[in-house]
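Q: Let me see the structure of the following:
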Amino acid sequence: MSHTPSRRTVLRGFTATGAAVIGFAPGTRSWATTGSAGGPDLVGIPPLDGTLSTDEASLAAASDDYGHIVHRRPAAVLRPGSVRDVVAMVRFCNTHRLPVAPRGQGHATNGQAQVSGGLVIETAPLADVGPLGPRSTTVTVGAGIRWSELAKATLAHGLTPPVFTDYLELSVGGTLSVGGLGGQTHRQGAQVDNVTELQVVTGAGEFVRCSRARRPDLFHAVLAGLGQCAVIVGATVRLVPAPRTVRHYLLPYDDLETFLDDQRRLAREGRFDYVEGQVSADPGGAFRVHTLEAVAYGPPVGPAPDDTVLLHGLRHNASGVQRADLPYYDFLDRLGPVDADLKEAGIWSYAHPWLNLLLPGRSTAALASQVLDALTPADLGPGVVLLYPLVRDRLTTPLLRTPDDPMPYLFALLRATPPEDTATVDRLLAANRSVHEATAAAGGTRYPVGSVPFSQADWRAHFGPAWPRLKRAKRTYDPRGILVPGQGIFPVR
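A: Residues are numbered from 1 along each chain as shown. Okay, here's the model as predicted:
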């Protein structure tokens with residue numbers, strides 16, 4: 001059903017939770033509220049299977065994210081009861097030129113999934129899991145399902161997605177809109193490289209199934225496309241056999257160069273199924289403690305792990321090695337208890353002015369040293385520094401921008417600082433910008449989950465040769481420019 005600004009109707013058939021009745025104000029580009037608490041009627045809104053909420057708690061939650069830095073208040077929050085709801089409300093918003101942003105688990109750090117005066121679509125209700133069996137090579141899931149839920153569903157059949165981010169409580173749709181990097185990426189690519197089909201709702205409100213063979217321009221514009229052309233409502237993800245147990249190593253290193261060299265060697269050889277690394281402060285506050293994290297999968301994926309074979313030739317400090325044999329899911333979810341502790345301590349509510357970069361491998365030592373030498377424990381807070389290699393040949397998604405280097409490195413300062421200390425937050429955002437500029441000058445790119453002040457010109461430079469493709473897709477599939485303005489990529493129309 002189509003609605004124009006000159007047509008006002010009252011539609012029933014869904015629940016509106018809020019203190020006011022809302023609708024579109026004819027002749028304007030904003031929502032209007034009328035009446036008071038009480039009825040389930042909304043003006044000009046199509047009938048829905050789910051709920052459209054305007055209560056204070058819903059709007060406040062959608063005005064925030066994990067960064068706790070940017071706050072943009074929407075007019076309404078959709079909790080869809082079906083994909084039909086997403087189609088109906090995107091069509092409504094397209095007709096009235098109202099901004100729209102999907103929100104998975106709200107783990108953005110800089111307002112990327114927020115909208116002022118528009119509609120936030122919570123994708124969490126879209127969490128269906130398609131048929132699975134022990135011989136399945138793919139599974140189709142709703143965009144709102146968390147990776148932890150998907151892992152449990154597939155492991156019941158001895159299967160697993162090939163790549164996970166370190167934190168499992170992110171939505172499938174959320175990570176596919178960015179990239180999805182993790183310790184398995186050096187062997188398996190990013191999460192976006194392991195998708196065979198998408199179900200999306202374009203900015204014009206069209207439901208489309210797309211893949212590399214069907215509407216490939218849309219498929220490639222959505223994967224790592226930061227939500228600019230369509231709302232992901234479902235995805236078909238590749239599956240591989242899962243190990244029952246893994247051997248997990250933490251290998252300490254005394255210097256950065258040796259640490260990076262050994263990481264590079266492991267990524268090149270594929271000796272381990274998972275390779276990451278962290279840098280932490282020594283007792284004097286200098287970031288000189290380097291820990292290589294490596295995991296070997298056991299049967300039925302690989303042989304029983306052998307320390308002699310796996311650690312051969314590595315130059316870590318042997319006296320500090322930590323080793324553990326873990327069930328596969330316990331390894332995947334190893335941050336679960338840590339995050340529970342952070343929430344209990346109140347640190348979850350800290351501001352998170354994250355910096356996430358992809359460094360050219362040839363310049364990683366120099367660029368990382370420059371940042372780490374200036375980093376203080378106070379500036380990182382109760383956060384973590386990640387530094388680990390990727391293999392560029394495994395990264396095939398056009399909009400996931402990576403350095404022109406055979407082995408780029410992910411470098412992330414996952415900072416946390418009290419949100420009321422706005423002066424420190426502003427200083428760290430400025431520092432993020434400065435480091436990004438130095439990285440870009442050396443041929444590096446931004447992994448766009450963090451908090452770096454960016455202009456539209458910066459985005460054009462970021463996408464580089466992929467920019468014309470994204471711009472064409474934006475015009476084609478979101479012609480009125482309503483989708484995800486919080487990214488700041490295209491001008492608001």
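Q: pretty sure residue 144 contacts residue 121?
A: No - using Cβ atoms under 8 Å, residue 144 makes no contact with residue 121, being 9.7 Å away. Glycine gets a C-beta too; all of them are placed from N, C-alpha and C.
Q: So between those two, which is more surrounded?
A: With neighbours defined as other Cβ atoms under 10 Å, residue 144 and residue 121 compare such that residue 121 has more, 31 against 27.
Q: distance of the more buried one from residue 78?
A: Per Cβ to Cβ, to the nearest Å, residue 121 is found 5 Å from residue 78.
Q: who touches both of those two?
A: Taking Cβ atoms under 8 Å, 6 or more residues apart in numbering as the criterion, residue 121 and residue 78 both touch 86, 89.
Q: Work out for me the element residue 330 sits within.
A: Using DSSP states H and E, residue 330 sits within helix 328-332.
Q: now for that helix, which elements pack on it?
A: Helix 328-332 is packed against helix 147-155, strand 245-253, with contacts defined by 3 or more Cβ pairs under 8 Å, 6 or more residues apart in numbering; DSSP states H and E.
Q: now these as JSON lines including mean pLDDT, mean neighbour count and distance to residue 264?
A: Formatted as JSON lines, these follow (pLDDT from 0 to 100; neighbours: other Cβ atoms under 10 Å; distance: least, Cβ to Cβ, whole Å):
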{"stretch": "helix 147-155", "mean pLDDT": "98", "mean neighbour count": "19", "distance to residue 264": "28"}
{"stretch": "strand 245-253", "mean pLDDT": "98", "mean neighbour count": "21", "distance to residue 264": "13"}
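Q: who wins for proximity to residue 348 among those?
A: Taking Cβ to Cβ, helix 147-155 is the member of those nearest to residue 348, at 16.8 Å.
Q: which secondary structure elements does that closest one contact?
A: strand 138-142, helix 172-176, helix 328-332.
Q: want to throw those into a markdown table with mean neighbour count and mean pLDDT?
A: Formatted as a markdown table, the helices and strands packed on helix 147-155 follow (neighbours: other Cβ atoms under 10 Å; pLDDT from 0 to 100):
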| stretch | mean neighbour count | mean pLDDT |
| --- | --- | --- |
| strand 138-142 | 21 | 98 |
| helix 172-176 | 27 | 98 |
| helix 328-332 | 19 | 98 |
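Q: Of all these, which one is nearest residue 493?
A: Residue 493 lies closest to helix 172-176 among those, at 24.4 Å (Cβ to Cβ).
Q: can you list the residues that contact that closest one?
A: Residues contacting helix 172-176 (Cβ under 8 Å, 6+ apart): 102, 104-105, 107, 123, 126, 141-147, 150, 165, 191-192, 195, 198, 222-224, 231-233, 235, 237.
Q: Likewise for stretch 200-210?
A: For stretch 200-210, the surrounding residues in contact (Cβ under 8 Å, 6+ apart) are 83, 86-88, 90-92, 94, 100, 197-199, 215-216, 218-219, 222, 229-233, 477-483.
Q: Buried subset of these, written for PyMOL?
A: Buried subset of the contacts of stretch 200-210, written as a PyMOL selection, criterion 16 or more other Cβ atoms under 10 Å:
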select buried, resi 83+86+87+88+90+91+92+94+100+197+198+199+215+218+219+222+229+230+231+232+233+477+478+481+482+483
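Q: Quick one: low-confidence residue ranges for this structure.
A: 1-43 (pLDDT under 70).
Q: which one's the longest strand in it?
A: In the chain, with assignment by DSSP state E, the single longest strand is strand 287-297.
Q: after the helix holding residue 330 comes which helix or strand?
A: Next along the chain after helix 328-332, taking DSSP H and E as the criterion, comes helix 336-345.
Q: Walk me through the domains of the chain.
A: 10-122, 138-241, 245-456 (automatic domain parsing).
Q: angle of the longest strand of the chain against strand 245-253?
A: With axes from the mean of the first three to the mean of the last three Cα atoms, to 10 degrees applied, the angle from strand 287-297 to strand 245-253 works out at 160 degrees.
Q: strand partners of strand 287-297, parallel vs antiparallel please.
A: Strand pairing for strand 287-297, using DSSP bridges, gives strand 245-253 (antiparallel), strand 274-281 (antiparallel).
Q: Relative to residue 473, which of those strands is closest?
A: Closest among the strands paired with strand 287-297, using Cβ to Cβ: strand 274-281, at 32.7 Å.
Q: middle-most residue in this protein, spatially?
A: Nearest to the mean C-alpha position of the chain, by Cα atoms, centre = their mean, lies residue 175 at 3.5 Å.
Q: From residue 400, how far out is that one?
A: Residue 175 is 11 Å from residue 400, by Cβ to Cβ.
Q: among the strands paired with strand 287-297, which is nearest residue 117?
A: Closest to residue 117 of these, according to Cβ to Cβ: strand 274-281, at 40.6 Å.
Q: distance between the closest one and the chain's centre?
A: 20 Å (Cα atoms, centre = their mean, to the nearest Å).
Q: Using PDB, write down the CA coordinates of that strand.
A: Output of strand 274-281 as PDB, limited to C-alpha atoms (Å, rounded to 0.1, in the frame of the first residue of the first chain):
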ATOM      1  CA  TYR A 274      43.300 -19.000  13.800                       C
ATOM      2  CA  VAL A 275      46.000 -16.300  14.300                       C
ATOM      3  CA  GLU A 276      45.600 -13.000  16.100                       C
ATOM      4  CA  GLY A 277      47.800 -10.900  18.500                       C
ATOM      5  CA  GLN A 278      47.500  -8.400  21.200                       C
ATOM      6  CA  VAL A 279      49.900  -5.700  22.500                       C
ATOM      7  CA  SER A 280      49.700  -4.700  26.200                       C
ATOM      8  CA  ALA A 281      51.500  -2.400  28.600                       C
END
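Q: Could you check it and say which residues are buried?
A: Applying a neighbour-count criterion of 16+ other Cβ under 10 Å, one finds 274, 275, 276, 277, 278, 279, 281 buried in strand 274-281.
Q: What of stretch 347-364?
A: Buried residues in stretch 347-364, counting neighbours by 16+ other Cβ under 10 Å, are found at 347, 350-361, 363-364.
Q: In strands, which of the residues you listed appear?
A: Short answer: those in strands (DSSP E) are 355, 356, 357, 358, 359.
Q: list the contacts for residue 286?
A: Going by Cβ under 8 Å, 6+ apart, the list of residues near residue 286 reads residue 373.
Q: State the distance from it to residue 382.
A: Relative to residue 382, and taking Cβ to Cβ, residue 286 is found at 18 Å.
Q: Perfect, that will be all.
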